[in-house]
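Enquirer: using only what follows, build the 3D model:
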Amino acid sequence: MKIIVTGGTGQLGRAFAVLADSFEGQIVTLSSREMDVTIPCQVNDRFNQIRPDVVVHAGAFTAVDAAEASPMQAFKINVVGTRNIAAACLNYNSKMVYLSSDYVFDGNQSHPYTEFDRPNPINVYGSSKLEGELIASRICPKLFVIRTSWLYGDGRNFVRTILKLAQEREYLTVVNDQIGTPTYTADLVQSIMSIVETDGFGTYHMSNNGYCTWYDFAKEIVRLAGLATPVQPVRSDEFAAPALRPHYSVLRNYMLELSVGDKFRSWQEALAEYIKKGK
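Expert: Next up is the predicted model:
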């Protein structure tokens, strides 16, 4: 099996690069410099060169607040770029995996979102990811839409930020009114690989199990790292971020339960492994 992974320098792309060392087939991770998804001829050239069986489209405009100031750029990358990948997958008969987000939901629900709940994004980033889902589904029949949440792995992420700040400051303030599920990229990659070997195309939620607030998450990071820095809870409106965030975006891996099985561990167990590895 030959796999292309876009967003090769991102957290998920790096997790796939680690998998490549032990994978029996071929995994090619491509950065935006190696293949600009917004330029169709570059996409077609790479597809013609590699002729992938599967394409994991993880490359995206992911800066949630920056998207509010640059909506055209966010939509160009997340929608036009996704269209180009989907069209190439159709032309080369490749399976496509589109990485989407919990931010396609508005957060007004009080129980975990399943794949059958209606999306209703409340910010530009979420809107662009939903439009990416829709355009890919109109073009590519062999499509897996994967919605995930609060990713961390090798790269810039919340865990590393908290660890750095906890060693620099006397105390930390973290929002305590947004609820979701931290998801370890190593676990997400394993789940994606389990599904791409099937023909069970459709939308899947994939996140570690359980839920917490960003404040709870930060406290657990500090505790597992053996640090004593106090963490104080605050409200989201005290930060006045440009983009609204859903107050509740917990995902239930319902389609996994119905198909290959939900093998995700708890977010606490996954985080403990990540901290122990010192990523």
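
Enquirer: what's the mean pLDDT across stretch 170-188?
Expert: Taken as a whole, stretch 170-188 has an average pLDDT of 97.

Enquirer: now the end-to-end length of that stretch.
Expert: Between the opening and closing residues of stretch 170-188 lies a distance of 34 Å (CA to CA, to the nearest Å).

Enquirer: what's the distance between it and the middle of its chain?
Expert: With CA atoms, centre = their mean, to the nearest Å as the basis, stretch 170-188 stands 14 Å off its chain's centre.

Enquirer: so Gln49 is in which element?
Expert: helix 40-50 (DSSP states H and E).

Enquirer: ok, and what's touching stretch 71-89?
Expert: Outside of stretch 71-89, the residues within contact range by CB atoms under 8 Å, 6 or more residues apart in numbering are 6, 37-40, 43-44, 47, 55, 57, 59-61, 66-67, 94-96, 98, 124-125, 128-129, 131-132, 135-136, 139-140, 142-143. C-beta: built from backbone N, CA, C; applies to glycine.

Enquirer: which ones among these map onto helices?
Expert: 40, 43-44, 47, 66-67, 124-125, 128-129, 131-132, 135-136, 139 (DSSP state H).

Enquirer: from the residues you listed, which is closest to Met255?
Expert: Comparing those against Met255 with CB to CB places Ala136 closest, at 16.7 Å.

Enquirer: which ones are touching the closest one?
Expert: Ala136 touches 57, 82-83, 85-86, 96, 98, 143, 145, counting by CB under 8 Å, 6+ apart.

Enquirer: mind checking the SS state of Val145?
Expert: strand (DSSP: H, G, I helix; E, B strand; the rest coil).

Enquirer: next one: it from Thr82, what distance?
Expert: According to CB to CB, to the nearest Å, Val145 and Thr82 sit 10 Å apart.

Enquirer: of these two, who's got more company?
Expert: Remark: of Val145 and Thr82, Thr82 carries more neighbours, 30 against 24, as counted by other CB atoms under 10 Å.

Enquirer: for the residue nearest to Pro119 when sequence neighbours are not counted, give me the backbone phi and psi.
Expert: Spatially, and ignoring its direct neighbours in sequence, Pro119 is nearest to Val104 (4.0 Å; CB to CB, 6 or more residues apart in numbering). Taking degrees, to the nearest 10, you get phi -80, psi -10 for the backbone angles of Val104.

Enquirer: since that was my last question, I'll sign off now.
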